[in-house]
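Participant: Requesting a structural model of the entry that follows:
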Amino acid sequence: MLLDNRQFLLKKLGGGEADVFTSQGKQKVQCLIETSNVGVLVNELVEIEHSEVRPRMSISNTNALYIALSKCKDLVQVTDEAFNVQFVNKATENVLGFKSEDLKGKPISDIHQSSEYHNQMIHFLNRGKEWEGAVTCIRKGGEPITLLCRVVSSSLSSRHITNYIFIEEPQNDAGMTYKDQPPRGSLHSIRKGSYDVKSLASESGQSIRRQSLAKLNSLPIEAPITKIITLLYSAHEQSSGPVQQQLEKVLDILRSTELYSPQLKETRIRTEDPITADLITALLSQGTVASSTTRRSSNDSANIKSSASSRPSLPSINTPGQLSSVLEQSLDWEFDIFKLEELSNQRPLVWLGMNLLCHFNVQDTLGCDEKTLMNWLTVVEMHYLSSNSYHNSTHAADVMQASGYYLKREKLNELLDPLDIACVLIAACCHDIDHPGKSSIFLSNSDHDLAILYNDQSVLESHHAAMTFKLTLADDRVNIFKAILKLSYFSTGLERDTYKVARQSIIDMILATEMTRHFEHLAKFVNIFTKPEPKDEPDGVPTETDSSDACNFQTQENIALAKRMLIKCADVSNPTRPLKLCVEWAKRIAEEYFAQVDATHVPEILELKEVYNLKVTLQFQTDEEKANGLPVVMPMFDRSTCSIPKSQLGFIDFIINDMMEAWDSFIELPEMLYYLRSNYQYWKEREEQGITGINELCPHNNRIELLRELDESKGD
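Facilitator: Below you'll find the predicted structure:
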């Protein structure tokens, strides 16, 4: 600042400025009239600060920011409130191939060709949130590039948005290779050519996460759920308030990772029917049941034996006359498994298993002889606990028989190869092996060894699958996989993986019998295999199905899905059997679930065991839960109050109906649906009559009349 008292000089200089030569060169100076008034000088200094110094500093900072943006490896674009490009940095020019002048003033949509995310982005930005997602940019040459983009809004001096900043991270194929970039750490880490762990740990994990997402989003795939969410965001923006609230709930549900996991609809379970609620909740619950009771140690939990119970010795392989006659109907849906159980002296699995395995030439598929097959079936049946009234070898034989019946259908013959068929029968045979007669939830709540071993996840099913291979591989005399194992060791090509494929298939099917994933498997099956019937042409002639559709089904995942549904339907086929078989199975499953056994009823139960040839254990799951202070999984399953008809009706309504109808639409089983509807009507009538317990359904002094009644009902 130059002070001078010569006014003529100021007038000559004009505007109060002059050029002064200093050691730093010619500079502009502000000329003021000399004055002793401090206030005037302070005002002049304040004016200079606001009009000269601050703008120059702002320009200097802006220039530094421009330099930083030009050196930045991220692509940056700045738009106005209408999304017209105002600025792009050097990285944008280098990666996309456009000059800054080519893009300024043009809409950002000229850079980001995909507009699917636009409504979703606006939804976030209008709420003051940052949006992040994958965008597809088009280079000057026309080739697309997918980048992970972040968009933030900016407002100058009000709440009104004035600018949007787009930041995209470069990809390896976008001309920027990560390996050429120095580590994002301290200077020390760069000098050493290695990562400074302390420096990296102090930085946010967001950059690493974004790099991973960017790599994922650069793949030429897009999940259908992403498209769905984008469309819903678009609908959300164009909807009114109440509709927007509903769509927000839908979006919250879609963000869940368990889209197919069961969530009971409370409106479908009648409040006056707690038995049905108990049954379905127990079947579909995953893991432990919440309880205020402290979990006990494994020492206090129930002692569930996993050892095989004693059985009578195996009869001669030469089939007796009566057994032979029964086994002739082994592939009929009306096959009487209980008659086989009686004739085989409680060994139905060996006899029926040999019949079915040989019928489908499993010994040829696996390259084993019939003796090995017989030995294997014997060992497997020995490890089904005869003390279980339901989960015993008779149930395994029944599931195997249902599977064999399904395998006769033409649709499955087209879909499955001989190895698939062998795996289906093996999985059906072993799907409940060494079942302790208690549920997975009970095992988890009681800290049972199996629950600890399998981390409370699919406890029983994991045990069944593991036991299958443990027993099979333990001895060459029972190892039905011995031949394909040798192929795996000494062959190359497709044969090398035969055992691995078989093992994976069997395990997958056994795990599919877990009821907690019932709706997941069913929903996927319906989406893939159940198509609407072809519509008729205007002239009344139905359109022909494209032959390529059948080929489209034959992917490995679809074949696995069909096998899962096959064994699931076979596992719970009891309500679709002829009435007398359906009632007997209902009685047996109730025995295993019942909660309370009074000591005064023991003689009566023993008498029922003798008359009906039941294998009833006198210690039940819920008794042990109550005795050990564990959460009671099914409190309403009390022998004195439980209604078997109600439990059967609930099971059919919630589990069986939809699954069997879907299965029928796939392989066409009209007889199965006929029995299902007939049995449903039977249970409904019994409920209306007030019949609830086992003794009312099966009075031990009138069993012959009951069977005659059931046969007559079947005839009607």
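Participant: Direction included, what does the top strand by length along the chain pair up with?
Facilitator: For the chain, the strand that runs over the most residues, judged by DSSP state E, is strand 144-154. Sheet pairing for strand 144-154, assigned by DSSP bridges, gives strand 131-138 (antiparallel), strand 163-169 (antiparallel).
Participant: average pLDDT for the longest one?
Facilitator: The one in question is strand 131-138. Mean pLDDT, strand 131-138: 82.
Participant: How about the contacts made by Val362?
Facilitator: Applying Cβ atoms under 8 Å, 6 or more residues apart in numbering to Val362 gives the contacts Leu373, Ile421, Ala422, Leu425, Ile426. Every residue, glycine included, has its C-beta placed from N, CA and C.
Participant: Neighbours of the second one, how many?
Facilitator: By the measure other Cβ atoms under 10 Å, the count of residues near Ile421 is 21.
Participant: got the buried residues for the stretch of helix or strand it belongs to?
Facilitator: Applying DSSP states H and E as the criterion places Ile421 in helix 418-430. Buried residues in helix 418-430, counting neighbours by 16 or more other Cβ atoms under 10 Å, are found at Leu419, Asp420, Ile421, Ala422, Cys423, Val424, Leu425, Ile426, Ala427, Ala428, Cys429, Cys430.
Participant: Quick check, pLDDT for the residue nearest to the third one when sequence neighbours are not counted.
Facilitator: In this case it means Ile421. In space, and not counting its chain neighbours, Ile421 is closest to Phe360: 5.3 Å by Cβ to Cβ, 6 or more residues apart in numbering. If you check Phe360, the pLDDT there is 96.
Participant: just checking, Glu81 touches Asn163?
Facilitator: Yes. Contact criterion Cβ atoms under 8 Å: Glu81 and Asn163 qualify, at 7.1 Å.
Participant: Where do the helices of the stretch 501-650 of the chain begin and end?
Facilitator: 518-529, 548-553, 556-571, 579-593, 602-612, 621-627, 644-651 (DSSP state H, counting those that start in this stretch).
Participant: rewinding a little: could you dump the strands paired with strand 144-154 into JSON lines with distance to Phe87 and mean neighbour count added?
Facilitator: JSON lines is the format used below for the strands paired with strand 144-154 (distance: least, Cβ to Cβ, whole Å; neighbours: other Cβ atoms under 10 Å):
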{"stretch": "strand 131-138", "distance to Phe87": "16", "mean neighbour count": "19"}
{"stretch": "strand 163-169", "distance to Phe87": "9", "mean neighbour count": "21"}
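Participant: what two of the contacts of Val362 are the furthest from one another?
Facilitator: Using Cβ to Cβ, the pair of those lying farthest apart is Leu373 and Ile421, separated by 14.6 Å.
Participant: Could you pull up the residues touching Asp664?
Facilitator: Contact analysis of Asp664 by Cβ under 8 Å, 6+ apart lists Pro670, Met672, Leu673.
Participant: Show me where the stretch 1-150 of the chain has its helices.
Facilitator: If DSSP H, counting those that start in this stretch is used as the criterion, the helices of the stretch 1-150 of the chain fall at 7-13, 38-48, 54-71, 90-96, 100-103, 118-125.
Participant: contact partners of the shortest one?
Facilitator: Contacts with helix 100-103, where a contact means Cβ under 8 Å, 6+ apart, come from Gln77, Val85, Phe87, Val88, Thr92, Glu93, Asp110, Ile111.
Participant: The same query, at a cut-off of 6 Å, please.
Facilitator: Val85, Val88 (Cβ atoms under 6 Å, 6 or more residues apart in numbering).
Participant: for the longest one, same thing?
Facilitator: Contacts of helix 54-71 from elsewhere in the structure, counted by Cβ under 6 Å, 6+ apart, are Val76, Asn89, Lys90.
Participant: burial of Leu453, as a residue count?
Facilitator: Considering only other Cβ under 10 Å, Leu453 is surrounded by 13 other residues.
Participant: Could you do Thr394 as well?
Facilitator: 28.
Participant: element containing it, please.
Facilitator: Judged by DSSP H and E, Thr394 forms part of helix 393-407.
Participant: Report the inter-axis angle for that helix versus helix 579-593.
Facilitator: Angle, helix 393-407 to helix 579-593, by axes from the mean of the first three to the mean of the last three Cα atoms, to 10 degrees: 130 degrees.
Participant: Which elements pack onto helix 393-407?
Facilitator: If you count contacts as 3 or more Cβ pairs under 6 Å, 6 or more residues apart in numbering; DSSP states H and E, helix 393-407 packs onto helix 337-343, helix 348-359, helix 418-430, helix 556-571.
Participant: next SSE after it?
Facilitator: Next along the chain after helix 393-407, taking DSSP H and E as the criterion, comes helix 410-415.
Participant: From the rest of the structure, what touches that following helix?
Facilitator: Ala562, Ile667.
Participant: quick one on the thing from earlier: quick one, the helix holding Ile421 and helix 556-571 angle?
Facilitator: Using the same axes, to 10 degrees: helix 418-430 against helix 556-571 is 30 degrees.
Participant: packing partners for helix 418-430?
Facilitator: Judged by 3+ Cβ pairs under 6 Å, 6+ apart, helix 418-430 is in contact with helix 362-366, helix 393-407, helix 498-512, helix 556-571.
Participant: Deepest in the core, which of those helices is it.
Facilitator: Across these, averaging neighbours per residue (mean count of other Cβ atoms under 10 Å) puts helix 393-407 on top, at a mean of 26.
Participant: how does the protein divide up, domain by domain?
Facilitator: 2-68, 72-222, 277-532+553-715 (automatic domain parsing).
Participant: re the thing from before, I'd like to know which of the helices and strands packed on helix 418-430 lies nearest to Leu473.
Facilitator: Nearest to Leu473, of the helices and strands packed on helix 418-430 and by Cβ to Cβ, is helix 498-512 at 10.0 Å.
Participant: Which secondary structure elements does the closest one sit against?
Facilitator: Where contact means 3+ Cβ pairs under 6 Å, 6+ apart, helix 498-512 is packed against helix 418-430, helix 459-473, helix 482-490, helix 556-571.
Participant: would CSV of these with mean pLDDT be doable?
Facilitator: What follows is the helices and strands packed on helix 498-512, written out as CSV (pLDDT from 0 to 100):
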stretch, mean pLDDT
helix 418-430, 97
helix 459-473, 96
helix 482-490, 75
helix 556-571, 95
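Participant: Adding distance to Phe335, write those out as JSON lines.
Facilitator: JSON lines is the format used below for those (distance: least, Cβ to Cβ, whole Å):
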{"stretch": "helix 418-430", "distance to Phe335": "14"}
{"stretch": "helix 459-473", "distance to Phe335": "24"}
{"stretch": "helix 482-490", "distance to Phe335": "30"}
{"stretch": "helix 556-571", "distance to Phe335": "13"}
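Participant: Which one of the ones you listed lies nearest to Tyr117?
Facilitator: Here helix 556-571 is closest among these (Cβ to Cβ), at 28.8 Å.
Participant: now that closest one against helix 518-529, angle please.
Facilitator: Angle between the axes of helix 556-571 and helix 518-529 is 130 degrees (criterion: the same axes, to 10 degrees).
Participant: the inter-axis angle of helix 556-571 versus helix 498-512?
Facilitator: 50 degrees.
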